[in-house]
Every structure is written in C-alpha cells, then in structure tokens.
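>>> Based on what follows, work out the 3D shape:
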Amino acid sequence: MQLLVRRLAVLPIGQERIVAGTSYEQASTTVPSTSWRRARGLARYWPFSALALIVLGALALRVWGVRGGLPYVDHPDEPNPISYVVRMLRTGDLNPHFFQKPTLYVYMLLGVLSIHYRLGLQSGLYGALDQMTVTTHIYTTIPGFFLWGRLLTVMLGGLTVAGVYLLGRRVWGAGAGLIGALFLAVSQFHLQHSQYVTTDVASGLFVLLSFIVAIAIARQGHWRAYLLAGLLAGLAASTKYNAGLIVLPIAAAHGLCWGRQWLVRGVRLAGAAAAALLGFVLGTPYALLSWREFVKGVVGQVAAYNDGSQGDIRGAWNVRGYLHFFWDAGLLAPGCIAVLIGLALLLWRDDEQKPGARAAGVLWLSLSYRICCCCSRSRPISCATSSRCSCYACCRSA
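Below you'll find the model as predicted:
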C-alpha cells in the first residue's frame, strides 16, 4: 500500500509537478509561469494599446487650438454648412436647396448642432433662432455652433487615424499600421483641416474605409465586400462629389481578383455600383427628392471650377502644381520620398509572404489616376485630403 501511495502521490511545488519517488529531472513537467503568460498576453494586445495612445494623441493635437480665431471666421468654406444647419433648425426643412456640395456632412453636423442648440436653449444661451441675429461669415454671433462643428471634424480625424492603422495592418502588419497612424496623427496638413467645419476630413475617412474593403475584394472577392465597398464609396461621394472616384480602386480590385473571369463575375461589380448609388442617396436624399435643384447645383459647381475662378490650384490638368502641393505642403519632401519607397515595396513584395500587399500597391496606383482626374476638372487640394489617408497606410507604413 505504501508503495502504491508513493508512486501515485503528486506534490505541487510552485508551477512544477514532482512525482514522489522519482528523480527531479525525470518527474518534473515545467508549466508556463504566470508572468510568462502575462507577457504573452501583453504582446498580443500591445498594438491596440499603442493605437489607443496614438489616437488619443491625435485627438489632443486636434482639440488643441480648435477655438482658433473664433468668433472671427477665417476659412471661406466654414460658414456655408453652418448656415445650412441654422436654416434647417429654424424652418424644419431638411432640404438645403443648395447642392454645390453633397449633404451627408451637413446632416452629420445637423445631428451634433441640434444637441448643442437644445442644450443652449435650456441654459439660456440661445433663444428662438428666428428671433436671433445670426451671422456666420467673417464674424459669427454663434461661435458655439462652429466649436461643436469643429469638434465633429476632430472626431472624424481621429477615426481616420485609426482607419490608417487597420489598412496598414491588413496590408503589411501591426507595426506598419502603427507607423502609418502615427504619421497621419502628426501630419500638419491633416491636423489643420481636422479643425475646420468642412467636408475634407469626412470625405477622406470614407475614401479610406472604402479602400480598405477594396483590398478585401482583391483578396477574396466575397459579395459582402463588394456591397460594403460600394456603400462606403457612395457615402464618400455624398460628402464630396469627386471622392466618388474611389470606385476606380474597387473596379481594379475586381480585375485583380478574377482576372480573365472579370466579365463573368461582373454582376458583383454591378452590385457594388448599386450599393454606391444607395450610399449616395442615403447621404444626399434630395438628389432624388429635389432633382432640378440638385442638377442645377452640380452643374453650377462644375462650371465654377472649369472657368478657373475657384480652387487652390488653378488650371486644367495642372499636375505639376499638384505635385508641388504634395512636396511643399501635403506630404512634405520626406513624406513623398517615403511614399515612393513604400509603393515600390508593396509592388515587389511576394503575396505569399504578405497577402494583398501587391494588390494594395496596384489599387493605390488606380487611386493616383483618380487624383489626375480631379486635377482636370475639380479641386485638387480637396482630392488630396481624401486620398492621402490611403497613401499613408499603403505606402508610407511599408
């Protein structure tokens, strides 16, 4: 009996098991220590912790100075969306009656400013809008509206930084995603435009999200990826018309996925187009409900830019001016060089080692074609704001 007990007895010592009656070397089975398990858990979650710090830092940088200039309004594009929202709150009519730009951002702004206005009514800050003297251009009598609108753009900028991480992680790895997110977080150009009540950062976010899903199309070609990418492309177009050219990478991804069968699988691309149309209408419903006003606004906007009277970079197909913008203000010289190196790495990398890396490079090239299209008939600097988010993740992070 003693012999049986001696053989079966197991004595726990720390994190080891020792069978009585046998040598230490033969009977001990080492079990991973608690500290090792914790280290492994931290290694698994450290990218998310680092991303959280980067996003919080990006938000802090953008919130800092968000009041800049108020109650004076320096940016020429800020007063219009605020005026549309004030008119909607005053009249209850959700039709902006002006379609020089689509309306998704205006409705997002309406949701935020409705809360601000209701809180202002309760605190006595505001009265009935039809009894107030409201000015939005040059000097504003409602600086709180601008502040809350800018904070909305700040949040969209923070989400864009997180989106850059997702794209870099999917294409290359967590480290690349974090580098891309960090670069965008401290980018002077993106930071500056994240502090305005304008559509640029919002359109950049939807372009980026659509680009991420386009890579999923290139890899797997699932129906849900087509529909989601198309929907996001429609929402991008509903923040800024020329951002809708993000459909070009979707079409390129379709070709990369199916090759010679691209026409046979064309129904999926048609589904993406239908989803894009739905997304645009969801963000700009009065494009259908007030068709004549919509067409008039779009035609007027195209004519205004075609005659060279508007825009930051003048002239049709001014590619040289656009490249100067990237070199001097948009990405700066180090950023442009990093983009070129990163793009070369994406195109060279073996897909078996980094699935989707080469596809991302090809899709980014199609996005560059979109930039050239914008140069010919639209506002290049706005296109840059939309596309540079994808540029940072796909190229610079590599």
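
>>> mind saving the C-alpha coords of the helix or strand containing residue 333 as PDB?
Assigning secondary structure by DSSP states H and E places residue 333 in helix 332-348. What follows is helix 332-348, C-alpha atoms only, in PDB (Å, rounded to 0.1, in the frame of the first residue of the first chain):
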ATOM      1  CA  LEU A 332       6.400  67.400 -47.500                       C
ATOM      2  CA  ALA A 333       9.700  66.100 -49.100                       C
ATOM      3  CA  PRO A 334      10.400  63.200 -46.600                       C
ATOM      4  CA  GLY A 335       6.800  62.000 -46.900                       C
ATOM      5  CA  CYS A 336       6.900  62.000 -50.700                       C
ATOM      6  CA  ILE A 337      10.100  60.000 -50.700                       C
ATOM      7  CA  ALA A 338       8.700  57.500 -48.100                       C
ATOM      8  CA  VAL A 339       5.600  57.100 -50.300                       C
ATOM      9  CA  LEU A 340       7.700  56.200 -53.400                       C
ATOM     10  CA  ILE A 341       9.800  53.700 -51.400                       C
ATOM     11  CA  GLY A 342       6.800  52.200 -49.800                       C
ATOM     12  CA  LEU A 343       4.900  51.900 -53.100                       C
ATOM     13  CA  ALA A 344       7.900  50.000 -54.600                       C
ATOM     14  CA  LEU A 345       8.000  47.700 -51.600                       C
ATOM     15  CA  LEU A 346       4.300  46.900 -52.000                       C
ATOM     16  CA  LEU A 347       4.600  46.100 -55.700                       C
ATOM     17  CA  TRP A 348       7.700  44.000 -55.100                       C
END
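
>>> what helices or strands is that helix leaning on?
helix 357-377 (3 or more C-beta pairs under 8 Å, 6 or more residues apart in numbering; DSSP states H and E). Where C-beta positions appear, they are placed from N, C-alpha and C, glycine not excepted.

>>> list the buried ones in the helix or strand where residue 267 lies?
Per DSSP H and E: residue 267 is located in helix 266-283. By neighbour count on 16 or more other C-beta atoms under 10 Å, the buried set for helix 266-283 is 268, 269, 272, 273, 275, 276, 277, 279, 280, 283.

>>> nearest to residue 60, of those?
residue 283 (29.5 Å; C-beta to C-beta).

>>> The closest one against residue 102, yeah?
Yes: using C-beta atoms under 8 Å, residue 283 is in contact with residue 102, at 6.2 Å.

>>> Overlap in contacts, the two.
237, 238, 239 (C-beta atoms under 8 Å, 6 or more residues apart in numbering).

>>> What is the neighbour count of the closest residue to the last one other than its chain neighbours?
So that's residue 239. Closest residue to residue 239 apart from its sequence neighbours, by C-beta to C-beta, 6 or more residues apart in numbering: residue 203 at 4.1 Å. Residue 203 is flanked by 32 other residues according to other C-beta atoms under 10 Å.

>>> ok, and the closest non-adjacent residue to residue 126?
Closest to residue 126 by C-beta to C-beta, 6+ apart is residue 120, at 3.8 Å.

>>> Phi and psi next, for residue 139.
The phi and psi values for residue 139, taken as degrees, to the nearest 10, are phi -130, psi 130.

>>> what pairs with it across the strands?
Beta bridges link residue 139 to residue 72 when assigned by DSSP bridges.

>>> OK, contacts around it?
With C-beta under 8 Å, 6+ apart, residue 139 has these contacts: 71, 72, 73.

>>> Per-residue pLDDT of it, please?
pLDDT for residue 139: 94.

>>> The one 4 residues further on too?
According to the predicted model, the pLDDT of residue 143 comes to 95.

>>> and what of residue 170?
Turning to residue 170, the model gives it a pLDDT of 86.

>>> Confirm for me that it is in contact with residue 212.
Yes: with contact defined as C-beta under 8 Å, residue 170 reaches residue 212; the gap is 6.6 Å.

>>> Give me the more crowded residue out of these two.
The residue with more neighbours, out of residue 170 and residue 212, is residue 212; 25 against 20, by other C-beta under 10 Å.

>>> Validate this expectation: that one resides in a helix.
Yes: under DSSP: H, G, I helix; E, B strand; the rest coil, residue 212 sits within a helix.

>>> Setting aside sequence neighbours, what's the nearest residue to it?
Leaving aside its sequence neighbours, residue 212 sits nearest to residue 167 (C-beta to C-beta, 6+ apart; 5.0 Å).

>>> Could you count how many residues lie near that neighbour?
Residue 167, neighbours per other C-beta under 10 Å, totals 25.

>>> can you tell me how far it sits from residue 209?
The gap separating residue 167 from residue 209 is 9 Å, by C-beta to C-beta, to the nearest Å.

>>> what does the strand or helix carrying residue 231 contact?
Taking DSSP H and E as the definition, residue 231 sits inside helix 223-237. Under the contact criterion C-beta under 8 Å, 6+ apart, helix 223-237 has outside partners 102, 104, 203, 206-207, 209-210, 213-214, 216-217, 243-244, 246-247, 250, 253-254, 268-269, 271-283, 386.

>>> Would you mind confirming that residue 218 makes contact with residue 258?
No: checked against C-beta under 8 Å, the pair residue 218 and residue 258 is beyond contact range at 9.8 Å.

>>> Many thanks, I have nothing further to ask.
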